[in-house]
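A.B. asks: Sequence first, predicted model second:
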Amino acid sequence: MKIDRIHLKAPGCWINDPNGFIYYKGLYHLFYQCFPYAAKWGTMHWGHAVSRDLVSWEHCGIALFPSRYEDQNGCFSGSAVEYEGKLYLYYTGVHYDVVNPQNIHKNPNDRYESSQLMISSEDGFTFDNFKRKRVIIPPFADREPADRTHTRDPKVWRGKDAWYMVLGSRTNDDRGQLLFYRSMDLFEWKPVNRVTKESTLGWMWECPDLFRTEGGDVLMMSPMGILQDGKREANHAVCLPVEFEEHTCTLEFPDGFQFVDCGLDLYAPQTTTDENGRRIMVGWMRMPETVDGKWNGMFCIPRVVERKGGHIYFRVHPDVDRIFSRRISSAEEAGGACYKLSLDLAEGESVNIGGYRISRKEDRICTDRAEVFTGHDEWRMKTETPVIREGDHLDIYVDQNLVEIYVNNGEYVLSSVVYGLSTEIQSEAAGELLMYAEK
Ligand code: FRU
């Protein structure tokens with residue numbers, strides 16, 4: 001089967017959200033939303049890849065596919081847990097009210113019912129789609145207790161005294177909300193609480209993920225319609241330092257929020273813990289065009305998530321960073337593979353990586369991809385970080401279709417999808433620019 005290095009990419013088809021990310025029996029398993037028949041979104045399956053080291057990803061084909069009434073039109077996003085040696089996957093099954101006669105793979109009117117399902121596996125590789133699926137939360141009747149259509153993406157975790165689940169949903173007055181459930185046995189789930197935020201943060205909260213870090217609790221989610229400025233996609237992944245009380249499933253929100261990534265493309269991130277207990281995250285990079293007419297969708301480098309005070313840091317996973325150990329002096333020497341650039345960028349300085357421009361203005365890192373993202377709306381070209389405070393350092397990971405900029409070891413990250421980068425690098429920074437490839 002196909003192997004990807006550094007960035008997992010759609011295996012000749014379409015992929016979106018990462019799902020069921022887990023370290024299980026000595027391997028990282030990463031499932032993902034997948035339409036296996038074309039390089040565009042359609043009836044969702046779960047594709048599957050595994051890795052020993054978070055660097056090489058071996059594709060293992062399709063794990064979940066529609067097989068029953070509740071998931072007839074798609075196996076939407078969800079998560080994984082391990083219990084007594086078994087792997088349990090939780091996901092949302094969708095069933096359309098009406099089918100589009102011209103294209104059965106797309107819902108014609110945004111009306112469908114969503115159920116929450118689970119499936120277990122003895123080894124993480126075999127999934128009996130016909131016998132082992134089970135509905136754990138049937139669809140809601142209408143909009144009470146929550147939206148019959150827009151309730152999805154179960155994230156399950158082991159709490160202190162029980163298993164917990166959070167679902168993304170929307171309220172009757174069109175605000176995002178979270179639904180919390182508890183289970184003692186992973187099969188029977190009881191509602192515990194519903195949580196929303198006073199000020200609006202989009203109308204539907206997709207792919208919620210809630211976890212504890214040494215520095216405090218973090219909520220990560222992908223609200224739909226969070227940005228209304230017309231300058232960016234309306235749906236964007238955010239993270240917030242929160243206080244979560246597990247037994248009652250109550251959540252205290254701060255006033256603001258932080259983008260998971262300051263670029264315009266990362267969406268629907270999901271976290272798990274790595275073999276050393278670090279909290280790690282991957283996210284889907286939205287791509288407006290297919291590559292070579294064949295594939296669409298890729299994931300960012302796995303990032304370590306940390307909270308310090310009110311700020312959330314995303315650092316390159318050390319096991320990935322470690323492999324960039326061969327000093328090179330030109331991008332050609334990487335031979336088309338992903339390479340790394342390190343430099344300090346002072347106020348007013350800039351660097352041009354194969355047509356992708358990075359500059360520092362008023363202490364923000366600003367990017368412009370107009371030369372390597374042609375044919376798209378003007379507002380999708382430029383973006384920037386908030387004001388940076390922790391230094392001048394950039395580590396930039398450059399792959400054929402993705403540039404990831406880690407500012408001050410994860411104070412902010414800014415990632416951009418690109419098409420047709422050249423190998424020419426021009427630096428107007430005073431300091432030295434170091435380049436690394438794999439050994
Ligand atoms: C986020 C999302 C999820 C849903 C899945 C469907 O990108 O819309 O909410 O489960 O994608 O593919």
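C.D. replies: Structure received.
A.B. asks: Now the closest residue to the ligand within the stretch 301-439 of the chain: phi and psi?
C.D. replies: Taking Cβ to the nearest ligand atom as the measure, the stretch 301-439 of the chain has residue 417 as its residue closest to the ligand, at 15.3 Å. Every residue, glycine included, has its C-beta placed from N, CA and C. Backbone dihedrals for residue 417, given as degrees, to the nearest 10, come out at phi -80, psi 140.
A.B. asks: I'd guessed it sits against residue 367; true?
C.D. replies: No. Using Cβ atoms under 8 Å as the test, residue 417 is too far from residue 367 to be in contact (11.6 Å).
A.B. asks: on that earlier part again, now do the contacts for the residue of the stretch 301-439 of the chain closest to the ligand.
C.D. replies: Residue 417 makes contact with 265, 285, 286, 287, 288, 373, 401, 402, according to Cβ atoms under 8 Å, 6 or more residues apart in numbering.
A.B. asks: Buried ones among those?
C.D. replies: Buried members of these, scored by 16 or more other Cβ atoms under 10 Å, are 265, 285, 286, 287, 373, 401, 402.
A.B. asks: Quote the end-to-end distance of stretch 273-290.
C.D. replies: End-to-end distance of stretch 273-290 (Cα to Cα, to the nearest Å): 31 Å.
A.B. asks: In that stretch, which residues are buried?
C.D. replies: In stretch 273-290, counting by 16+ other Cβ under 10 Å, buried: 274, 278, 279, 280, 281, 282, 283, 284, 285, 286, 287, 290.
A.B. asks: Which members of those are positioned in helices?
C.D. replies: Among the buried residues of stretch 273-290, no member falls in helices (DSSP state H).
A.B. asks: Now, those that are in strands?
C.D. replies: Counting by DSSP state E, the part of the buried residues of stretch 273-290 found in strands is 279, 280, 281, 282, 283, 284, 285.
A.B. asks: from these, which two are the most distant?
C.D. replies: When these are compared pair by pair using Cβ to Cβ, the two farthest from each other are 279 and 285, 20.3 Å apart.
A.B. asks: Next one: the one residue in the stretch 251-400 of the chain that gets nearest to the ligand from residue 16, what distance?
C.D. replies: At 4.2 Å from the ligand, residue 268 is the closest residue in the stretch 251-400 of the chain, using Cβ to the nearest ligand atom. According to Cβ to Cβ, to the nearest Å, residue 268 stands 7 Å off from residue 16.
A.B. asks: what residues do those two have in common as contacts?
C.D. replies: Shared contacts of residue 268 and residue 16 (Cβ under 8 Å, 6+ apart): residue 284.
A.B. asks: the more surrounded of those two?
C.D. replies: In this view residue 268 and residue 16 are compared by other Cβ atoms under 10 Å, and residue 268 has more residues nearby, 25 against 22.
A.B. asks: which residues sit in contact with the closest residue to the more buried one other than its chain neighbours?
C.D. replies: Distances taken as Cβ to Cβ, 6 or more residues apart in numbering put residue 17 closest to residue 268, at 3.8 Å, once the chain neighbours are dropped. Applying Cβ under 8 Å, 6+ apart, we find residue 17 in contact with 32, 33, 77, 153, 207, 267, 268, 270, 284.
A.B. asks: need those in a markdown table with pLDDT, distance to residue 253 and secondary structure, can you?
C.D. replies: Output for those, formatted as a markdown table (pLDDT from 0 to 100; distance: Cβ to Cβ, whole Å; DSSP: H, G, I helix; E, B strand; the rest coil):
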| residue | pLDDT | distance to residue 253 | secondary structure |
| --- | --- | --- | --- |
| 32 | 98 | 29 | strand |
| 33 | 98 | 28 | strand |
| 77 | 98 | 23 | strand |
| 153 | 98 | 19 | strand |
| 207 | 98 | 17 | strand |
| 267 | 98 | 21 | strand |
| 268 | 98 | 20 | strand |
| 270 | 98 | 21 | strand |
| 284 | 98 | 25 | strand |
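A.B. asks: Dump these into a markdown table; add distance to residue 117 as well.
C.D. replies: As requested, these are exported to a markdown table (distance: Cβ to Cβ, whole Å):
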| residue | distance to residue 117 |
| --- | --- |
| 32 | 17 |
| 33 | 15 |
| 77 | 12 |
| 153 | 12 |
| 207 | 17 |
| 267 | 23 |
| 268 | 19 |
| 270 | 18 |
| 284 | 21 |
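A.B. asks: List just the nearest of these to residue 190.
C.D. replies: Out of those, the member with the shortest distance to residue 190 (by Cβ to Cβ) is residue 153, at 19.2 Å.
A.B. asks: who does residue 416 bridge with?
C.D. replies: Beta-bridge pairing of residue 416, defined through DSSP bridges, involves residue 403.
A.B. asks: distance of the residue of the stretch 251-400 of the chain closest to the ligand from residue 135?
C.D. replies: As it turns out, when the distance is counted by Cβ to Cβ, residue 268 lies 23 Å from residue 135.
A.B. asks: for residue 429, same thing?
C.D. replies: Counting by Cβ to Cβ - residue 429 and residue 135 are separated by 57 Å.
A.B. asks: go on, residue 67?
C.D. replies: Look at residue 67 and residue 135: by Cβ to Cβ, they are 13 Å apart.
A.B. asks: Could you do residue 431 as well?
C.D. replies: Residue 431 sits 58 Å away from residue 135, taking Cβ to Cβ as the criterion.
A.B. asks: do residue 25 as well
C.D. replies: The separation that residue 25 has from residue 135, given Cβ to Cβ, amounts to 27 Å.
A.B. asks: Between those two, point out the one with more neighbours.
C.D. replies: Counted by other Cβ under 10 Å, residue 25 and residue 135 do not tie: residue 135 has more neighbours, with 15 against 12.
A.B. asks: which residue packs closest to residue 75, ignoring adjacent ones?
C.D. replies: Nearest-residue entry for residue 75: residue 64, 4.5 Å, with adjacent residues in sequence omitted and distances by Cβ to Cβ, 6+ apart.
A.B. asks: Over to that neighbour: give its phi and psi.
C.D. replies: Phi and psi for residue 64, reported as degrees, to the nearest 10, are phi -120, psi 140.
A.B. asks: go on, residue 332?
C.D. replies: Here is the backbone geometry of residue 332 (degrees, to the nearest 10): phi -60, psi -40.
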